[in-house]
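In: would you be able to build a 3D model of this:
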Amino acid sequence: MASVIPGESENRYMPVPKPTKYKKSVGDKVFTICNIVFMVLFVVITVYPILNTLALSFNDGIDAVRGGIHIFPRKFSLNNYRSVFAMKNLTTGLVISVARTVLGTLIGVFFNSILAFIVSRKRFLLKKSLTAFWVVTMYVNGGMIPVLLLFKTLHLTSTFWVYIIPGIISAFNMLVMRTFMEGIPDSLEEAAQMDGASYSTIFVKIISPLCKPMYATIALFIAVGQWNSWFDTMLYNRLTSQYTTLQYELMKLLSSVSSQSSKTDPNSGEGANLQPISVRSAATIVTMAPIVCLYPFLQKYFVAGLTIGGVKE
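Out: Numbers count the residues shown, from 1 in each chain. Just a heads-up that it's a prediction; the model follows:
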């Protein structure tokens, strides 16, 4: 015969109390309404420029100059995108932009994470000195001309590696990753050391899996910077078309359209329907699309990476 726990039969048939409903005060209702209104306005302010740029990119150039276009094109046209995709070095620029983004992101995350792991260790004697040195580099640099001369001396100009090597180490990214790693409990590292794990094993099997959100956040920062960069192409690879980037080619297209529109009569000529405002919008959409498509896959890691490191026990 099964034993019965005292009080079990009584508790089994006792009615479950209904949760009490919290009655919102007038202040709570006002706060909720204000919060909803603020968030709606924030979404409108954030999304409207993107929709407006998209509408201008699909609108006829001459008609776009008149203004009054908001989120829908008034006179639909694909001439702006035809001019963008008809560029001579578009394929080369796209390949180089993708290559520098992928390689720059992977190499940057790898080396910054190793450096951040070393600096975050409490037993590292030069921890404070090196951190102060890297902080100074965030605010002081040699200037454009000395950097250009340095890259020429190192034979980096007119090469692909001028996009990768100078940006391998970033003081800001390293400090962010170091702060995140310092928030990981020391007991995990101590338990691994008691089991005979080396620092390389601790970094690969313990620290790195816990730092995935931060790695994704830093990777997004580096990827956006590499993808949108064009000024370094103009400085170091302007005369080398095989290492041009997509953003630099779009910048040259916009400059040529601006000069042609200032010399062309809007009422005559085939190129009159290309205007800087419409071509700029099409170029913006083309350069923005890959990052917009990539961001949803990294969003959860991006949010976690920005919030987890701010709480320490």
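In: where in the chain is pLDDT low?
Out: 1-22, 259-274, 298-313 (pLDDT under 70).
In: elements contacting the helix or strand harbouring Leu150?
Out: Secondary structure from DSSP states H and E places Leu150 in helix 144-153. Contact analysis of helix 144-153 by 3 or more Cβ pairs under 8 Å, 6 or more residues apart in numbering; DSSP states H and E lists helix 231-236 as its packing neighbours. Bear in mind the C-beta positions are built from the backbone N, C-alpha and C, glycine included.
In: quick one: the helix it packs on to chain centroid distance?
Out: Helix 231-236 sits 21 Å away from the centroid of its parent chain (Cα atoms, centre = their mean, to the nearest Å).
In: could you do stretch 189-204 as well?
Out: That offset, for stretch 189-204, works out to 32 Å (Cα atoms, centre = their mean).
In: stretch 156-175 too?
Out: Relative to its chain's centre, stretch 156-175 lies at 17 Å (Cα atoms, centre = their mean).
In: nearest residue to Pro276 other than its sequence neighbours?
Out: What sits nearest to Pro276 in space, not counting adjacent residues and going by Cβ to Cβ, 6 or more residues apart in numbering, is Ser258, at 4.6 Å.
In: what's the answer for Ala223, then?
Out: Nearest one to Ala223, counting by Cβ to Cβ, 6+ apart, is Thr105 at 4.7 Å.
In: now do the contacts for the one you found.
Out: Thr105 makes contacts with 219, 222-223, 226, as judged by Cβ atoms under 8 Å, 6 or more residues apart in numbering.
In: so for the helix or strand it falls within, what gets flagged as buried?
Out: Using DSSP H and E, Thr105 sits in helix 90-120. Across helix 90-120, burial judged by 16 or more other Cβ atoms under 10 Å covers 90, 92-94, 96-97, 99-101, 104-105, 107-109, 112-113, 115-120.
In: got the contact list for stretch 46-53?
Out: Residues outside stretch 46-53 that contact it (Cβ under 8 Å, 6+ apart) are 69-71, 281, 284-285, 288.
In: among these, name the buried ones.
Out: 69, 281, 284-285.
In: and which of those residues is nearest to Ala132?
Out: Ala132 lies nearest to Thr284 out of the buried ones among the contacts of stretch 46-53, by Cβ to Cβ, at 39.9 Å.
In: and the residue nearest to Ala223, how far is that from Leu94?
Out: 17 Å (Cβ to Cβ, to the nearest Å).
In: and for Ser83?
Out: From Ser83 to Leu94 the distance is 16 Å (Cβ to Cβ).
In: could you do Phe133 as well?
Out: 38 Å.
In: check Ser57 too.
Out: Distance from Ser57 to Leu94, by Cβ to Cβ: 18 Å.
In: which of the three states applies to Met87?
Out: Look at Met87: counting by DSSP: H, G, I helix; E, B strand; the rest coil, its state is coil.
In: so who does the nearest residue to it once chain neighbours are set aside touch?
Out: Distances taken as Cβ to Cβ, 6+ apart put Glu249 closest to Met87, at 5.4 Å, once the chain neighbours are dropped. Contact partners of Glu249, counting by Cβ under 8 Å, 6+ apart, are 87, 89-90, 93.
In: switch those over to a markdown table; also include distance to Leu294.
Out: Converted to a markdown table, the contacts of Glu249 look like this (distance: Cβ to Cβ, whole Å):
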| residue | distance to Leu294 |
| --- | --- |
| Met87 | 23 |
| Asn89 | 24 |
| Leu90 | 20 |
| Gly93 | 19 |
